[in-house]
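**Student:** starting from these lines, generate the structure:
(chains A and B)
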There are 2 protein chains.
Amino acid sequence: MYELLTRDGFAKRGKLQTIHGVVETPVFMNVGTAAAIKGAVSTEDLIDIKTQVELSNTYHLHVRPGDQVIRQLGGLHKFMVWDKPILTDSGGFQVFSLAGLRKIKEEGVYFQSHIDGRKIFMGPEESMQIQSNLGSTIAMAFDECPSSVTSREYIRESVNRTTRWLERCRSEMKRLNDREDTINRQQMLFGINQGGVYEDIRIEHAKQIAEMDLDGYAIGGLAVGESHEDMYRILEAVVPHLPVDKPTYLMGVGTPANILEAVERGVDFFDCVYPSRNGRHGQVYTNRGKLNLKNARFELDERPIEEGCDCPVCRKYSRAYLRHLFKAKEMLAMRFAVLHNLYFYNTMMTEIREAIEAGNYAEYKKKKMAGISGRDV
Amino acid sequence: MYELLTRDGFAKRGKLQTIHGVVETPVFMNVGTAAAIKGAVSTEDLIDIKTQVELSNTYHLHVRPGDQVIRQLGGLHKFMVWDKPILTDSGGFQVFSLAGLRKIKEEGVYFQSHIDGRKIFMGPEESMQIQSNLGSTIAMAFDECPSSVTSREYIRESVNRTTRWLERCRSEMKRLNDREDTINRQQMLFGINQGGVYEDIRIEHAKQIAEMDLDGYAIGGLAVGESHEDMYRILEAVVPHLPVDKPTYLMGVGTPANILEAVERGVDFFDCVYPSRNGRHGQVYTNRGKLNLKNARFELDERPIEEGCDCPVCRKYSRAYLRHLFKAKEMLAMRFAVLHNLYFYNTMMTEIREAIEAGNYAEYKKKKMAGISGRDV
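**Tutor:** Numbering: from 1, shown residues only, chains lettered A, B, ... in the order given. The predicted structure is shown next:
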């Protein structure tokens, strides 16, 4: 399903064939937590900004509207009217970060809904069942995502449990994909590498899961509070032990600089809420640094957010208008800023793919880094 | 500039030629108070939902971002990227409804900004200057809009002042349109009839302003708390005294039923915040009654808001998805509901024009009324 087209150093340029179309990698997946991209962005808008993969959250959709509801409505693609690939996370991360009081057992996790306090149990089988009900293109394995400051002893125990959970996810998905009434019987499974900031645990775990011949491999439990240096160190240690001929996904990352660094270390799938969250707060990305659109200096600025940018916003609207919309608290401000930011990320991924193909990724990265860390005038 | 194409009873079917294109009437103008339609609706969206005229508020734009700012940026059309007609109100209504402490004098009104409490003076000349800076297609005269419970004595005095203000508006607009550096030198002026619920005062005022040969005539000071019966009674009394060969605009009205009634009484311009405000609260219009999209009964409803509706939302999305978006507090919910509602209004105006042309307006109105006052199942 995944074809490694070319490499430039460790950087991978690949192509993932799915039942919902091809994903050209490296790719940045656009986050639509509750089956919608925040900022009033529609799926028509996503086409305009070159989105390849939409990412939704299993936990959120399980608690609202409920995965059974979405299943009855024909699955997530039909529900949100998006026919390209969708990746769903396993719910694990949200269970550990959002849910109230929780208890982790061998069978799974007991916790309370952050919406209504209702008691929920989720284990590997439940996560697979929910994702199967959603009918996503790619399902993520149910894992434990411990905090980055957890002790070595706990991490080792947790990683072993995550491995046992992965086996159960695989069996359950096989069972579900064999059923005739399953929405997407070609659903793919990505396993998740854990191990905190401990290289040896990470590597041992990577070797174990690499043998399971999954559809893709993610690195989880990073970008959860550790330093960027720790993150890059772990990537350098662990990526070489994950199959090069499978997708390599760094979950929840990150800034444009993080992505550029991680691509260089062999990662080719990304997702992050930064572009949409920052956009909603008026922060937009350009190749000459970030801008805060609320800034008074844009009052009479007739230029687009970035000269030469071909996004639906920069093609028509001025910084002055965007600043006004933010000051007047018009929702349109958020929509425009989110559209620009996601376009910026998606376009950067296109540039990255071209640079890898041309064999000049290092040069491209250097130039891009210099631009984005600049200060726009 | 205005051509009366045909009549069906009192109902008018007209065409207003403007420097920004033709307006086919009866028309519903879509309200974009602060140079944006609330609900993250862009001007591209407005094209999709068949908007003919956008309406912005002089008072809001004067206090933020400032009409001088918009003038320096080339005017409202360029600012918000909309090349079709724009009508700006005079600021009068907002001064009387939104602003803090105010004092009405012969020269104009002293009041405080609702944004920062700053003292502002606005009279006929200032209102015309601001609207000229905005460069709208149609400017409204600066009038006093007294509450509907004001005494007869006060109303008479106020209406006389409004007439004197209208003379000053006309002189000032002439002066401004003669200037070479004016953004829209073809700006049109609509006068406003006042007089509360007193037919004789209304009629006397209508006769006075009708002689001034303005580009159009509005009926103001209705839909401000009086009963619908009072409103229809006043329309029946006053519309025959306004020039039939000029646009007839009922300000701030209203529900679909109000519009149907007013068209029958000779009105052909409308504006109202209902479709966008109701949409943002989950209330949507159909030809079988209104729906509240938050309702639990839509959880599994795969139908569009209205079967057969060709709006950008009904073409693709289900009630179930819209309900979910509202429950999950996704901004996209509001955008979709606003788009549908404005499309519903704009389409009703198309139907109205066709019915007048076909000479069967009474029949159309009866059928439409029965539909919209129904209860959807």
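
**Student:** alongside chain B, which residues does chain A contribute?
**Tutor:** If contacts are counted using C-beta under 8 Å from any C-beta of the partner chain, the residues of chain A sitting beside chain B are A:34-42, A:44, A:60, A:64-65, A:69, A:72-74, A:79-81, A:299-300, A:302, A:312, A:316-318, A:320-321, A:323-325, A:327-328, A:330-332, A:334-336. In short, each C-beta sits where N, CA and C put it, glycine included.

**Student:** in helices only, show me those.
**Tutor:** Secondary structure assignment (DSSP state H) places A:44, A:60, A:69, A:72, A:79-80, A:320-321, A:323-325, A:327, A:331-332, A:334-336 from those within helices.

**Student:** out of the residues you listed, which are buried?
**Tutor:** Buried positions within those, assessed by neighbour count (16 or more other C-beta atoms under 10 Å in any protein chain shown), are A:60, A:69, A:79-80, A:320-321, A:323-325, A:327, A:331-332, A:334-336.

**Student:** need the worst-confidence member of those residues.
**Tutor:** For these, the weakest pLDDT value sits at A:His60, with 94.

**Student:** tell me how far that residue lies from A:Asp83.
**Tutor:** As defined by C-beta to C-beta, to the nearest Å, A:His60 lies at a distance of 21 Å from A:Asp83.

**Student:** one more: A:Cys145?
**Tutor:** 30 Å.

**Student:** between the two, which one's more packed in?
**Tutor:** When A:Cys145 and A:Asp83 are compared for neighbours, A:Cys145 comes out ahead with 23 against 10, by other C-beta atoms under 10 Å in any protein chain shown.

**Student:** is the more buried one in contact with A:Ala223, as I believe?
**Tutor:** No. A:Cys145 lies out of contact with A:Ala223 (C-beta atoms under 8 Å); the separation is 10.7 Å.

**Student:** what about chain A, any weak spots by pLDDT?
**Tutor:** Low-confidence segments of chain A, defined by pLDDT under 70, span residues A:376-377.

**Student:** contacting residues for A:Arg64?
**Tutor:** Taking C-beta atoms under 8 Å, 6 or more residues apart in numbering or on different chains as the criterion, A:Arg64 is in contact with A:Ala34, A:Ile115, B:His324, B:Lys327, B:Ala328.

**Student:** oh, that last question was meant for A:Gly282, not what I typed.
**Tutor:** Contact criterion C-beta under 8 Å, 6+ apart gives A:Asn292, A:Leu293, A:Lys294, A:Phe326, A:Ala333, A:Ala337 as the residues in contact with A:Gly282.

**Student:** what about the first one, how many neighbours?
**Tutor:** By the criterion of other C-beta under 10 Å, A:Asn292 has 15 neighbours.

**Student:** from A:Val95, how far off is the most centrally placed residue in chain A?
**Tutor:** Taking C-alpha atoms, centre = their mean as the criterion, A:Asp271 is the residue nearest the geometric centre of chain A, at 2.2 Å. To A:Val95, A:Asp271 is 18 Å away according to C-beta to C-beta.

**Student:** with A:His281 instead?
**Tutor:** Here the distance between A:His281 and A:Val95 works out to 27 Å (C-beta to C-beta).

**Student:** quick one: which of the two has more around it?
**Tutor:** The neighbour comparison of A:His281 against A:Val95 (other C-beta under 10 Å) goes to A:Val95, with 25 against 13.

**Student:** which residues does the residue in chain A sticking out farthest from the centre contact?
**Tutor:** The centre of chain A is farthest from one residue, A:Leu300, which by C-alpha atoms, centre = their mean lies 36.5 Å away. When contacts are counted by C-beta under 8 Å, 6+ apart, A:Leu300 is found next to A:Ala320, B:Val69, B:Gln72, B:Leu73.

**Student:** mind redoing it with 10 Å?
**Tutor:** For A:Leu300, the set of contacting residues under the criterion of C-beta atoms under 10 Å, 6 or more residues apart in numbering or on different chains consists of A:Ser318, A:Arg319, A:Ala320, A:Arg323, B:Pro65, B:Gln68, B:Val69, B:Gln72, B:Leu73.

**Student:** from the chain's centroid, how far away is stretch A:244-253?
**Tutor:** Counting by C-alpha atoms, centre = their mean, to the nearest Å, stretch A:244-253 is centred 10 Å from the centre of its parent chain.

**Student:** in that stretch, which residues are buried?
**Tutor:** Of the residues in stretch A:244-253, those with enough neighbours to count as buried (16+ other C-beta under 10 Å) are A:Lys246, A:Pro247, A:Thr248, A:Tyr249, A:Leu250, A:Met251, A:Gly252, A:Val253.

**Student:** contacts only, for the closest residue to the fifth one other than its chain neighbours.
**Tutor:** When you say that, I think you mean A:Leu250. Leaving aside its chain neighbours, A:Leu250 sits nearest to A:Val267 (4.5 Å; criterion: C-beta to C-beta, 6 or more residues apart in numbering or on different chains). When contacts are counted by C-beta under 10 Å, 6+ apart, A:Val267 is found next to A:10-12, A:25-26, A:218-219, A:235, A:239, A:242, A:247-250, A:253, A:258-259, A:261.

**Student:** where does A:Val267 land in three-state SS?
**Tutor:** Each residue gets one of three states, and A:Val267 gets coil by DSSP: H, G, I helix; E, B strand; the rest coil.

**Student:** ok, now how distant is it from A:Asp143?
**Tutor:** A:Val267 sits 18 Å away from A:Asp143, taking C-beta to C-beta as the criterion.

**Student:** on that earlier part again, and the contacts of A:Leu300, which two are the farthest apart?
**Tutor:** Put simply, by C-beta to C-beta the two of the contacts of A:Leu300 set farthest apart are A:Arg319 and B:Gln68, 17.5 Å from each other.
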